[in-house]
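1. predicted model follows, preceded by the sequence.
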Amino acid sequence: MRADIFCRVVDNYGDIGVTWRLARQLKRECGWSIRLWVDTLESFKKLNANVDLSRSIQMVDDIEIVHWSHPVIDLTPHPIVIASFSCALPPGFQARMLPDKTLWINLEYLSAEAWVEGCHALPSLRSDGLHANFFFPGFTAKTGGLIKESGLLAARDAWQADPDRQIHWIKSLGVSSEGMQAWQSGRLISVFCYPQAPLQACFKQLVDNKTPTLMLIPQGVASSIPSGQHGNLHVARIPFTSQPEYDQTLWTADLNIVRGEDSFVRGLWAAKPCIWHIYPQTEDTHLIKLDAWLARTTLADSVKLGIRRWNSEDTARSDTCTWVSLLEPATLSTWAQEARHIATDLAQNPDLAYSLDLFCRLKYGL
Ligand code: TRH
């Protein structure tokens, strides 16, 4: 199974985050040979320090990386071509794809909406004889599923059963003894959100709350929130870590604020309470997606309302939310149980790499 995977970075890290994760799993677990085309190597380097910005072709973790620049390097298409997030392929490359020899897959955005099941794996016919197949990640067995590496949940469980490793990890992020103390006598929140999040209101409530909180915020995120000790809240700026290390942070925290697509899915696999800051889209289509996901869960109404408020552009409304009430021990503990149920249920579905592998093998009669 040889594949070209194309990744155009629109913004932030989700486009390359999802694509890189999937490429690695297809290589490691399904034995695919992958050529990954990335247009913005700088974003990729943030996730993998081994990426060399000066090279147009390089090997990283046994995957061939091609800088998708202009003019596009002229290479013969592999039998499988995946356009991640349905990006447009380079015209010259597409012209070399052959109707009977190239399996073209448009890997779509993640959505919990019901229509996804009906569109998953459908071909889109074209006048040039080629056809692209829509491949939808999703939350049910009738979709392509979610990215989940083999052994992920066992690694999570081992980690969560080992408080010493957790303490060692959080310390290694540069958290001071004051910050560690706040966590050990209270709770830990990890924050990865968009700039419009109602973090200021949440910050004020945590400062005044009787329970101490350690809040971890990666460099470059929520820059208006000051670091250090403020009342009962300790804010620690932490480095942007590798993807496997980010999982460790999510597995450790009592509440994760996650965003976009990939960190949200990792937040679900962490089986910890999480607030999803969904990627804002025009005409509020993201709120429809958010509701579609919430409707699939049996989270408490107060939690669902809190997650909706977190995503509200109307700050007057979101600022009235009592964020700390979501962190009350009873609420947090029920939420944690539900988070575990959600992760366990989702793990019953085939994962995205497995689904893609199966789809391609069936198409090629393998
Ligand atoms: O960064 P994101 O907001 O990315 C996006 C893009 O904006 C994209 O255009 C949009 O389509 C998509 O969201 C929905 O959020 P996301 O998806 O969570 O991607 C972040 C990646 O960064 C993810 O792979 C996790 C990773 N990450 C680390 O590896 N280390 C870290 O320390 C952190 C905070 C994140």
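-> Now that the structure is in, tell me what you want to look at.
2. I'd like to know how many residues surround the closest residue to the ligand within the stretch 251-366 of the chain.
-> Closest residue of the stretch 251-366 of the chain to the ligand, C-beta to the nearest ligand atom: residue 260 (2.3 Å). For every residue, glycine as well, the C-beta is placed using N, CA and C. Residue 260 has 22 neighbours, counted by other C-beta atoms under 10 Å.
3. burial count for residue 365?
-> Residues lying near residue 365 (other C-beta under 10 Å) number 5.
4. got the residues of the stretch 201-350 of the chain near the ligand?
-> 218, 240-243, 246, 259-263, 279 (C-beta under 6 Å from any ligand atom).
5. let's see that with 8 Å instead.
-> Within the stretch 201-350 of the chain, the positions near the ligand by C-beta under 8 Å from any ligand atom are 218, 221, 238-243, 245-246, 249, 258-264, 266, 278-279.
6. re earlier: next one, pLDDT for the residue of the stretch 251-366 of the chain closest to the ligand please.
-> Here, the pLDDT recorded for residue 260 equals 97.
7. let's verify residue 100: helix, strand, or coil?
-> Three-state call for residue 100 (DSSP: H, G, I helix; E, B strand; the rest coil): coil.
8. apart from its neighbours in sequence, what residue is nearest whatever residue of the stretch 101-250 of the chain ends up closest to the ligand?
-> Closest residue of the stretch 101-250 of the chain to the ligand, C-beta to the nearest ligand atom: residue 246 (3.6 Å). In space, not counting the residues next to it along the chain, residue 246 is nearest to residue 266; the distance is 6.8 Å by C-beta to C-beta, 6 or more residues apart in numbering.
9. how many neighbours does residue 30 have?
-> Around residue 30 there are 17 residues (other C-beta under 10 Å).
10. in which helix or strand does the closest residue to it other than its chain neighbours reside?
-> Spatial nearest neighbour of residue 30, excluding adjacent residues (C-beta to C-beta, 6+ apart): residue 357 at 4.2 Å. Residue 357 is located in helix 352-363, with elements delineated by DSSP states H and E.
11. now do the phi/psi pair for residue 190.
-> phi -110, psi 140 (degrees, to the nearest 10).
12. specify the beta-bridge partners of it.
-> Assessed by DSSP bridges, residue 190 has beta-bridge partners residue 216, residue 256.
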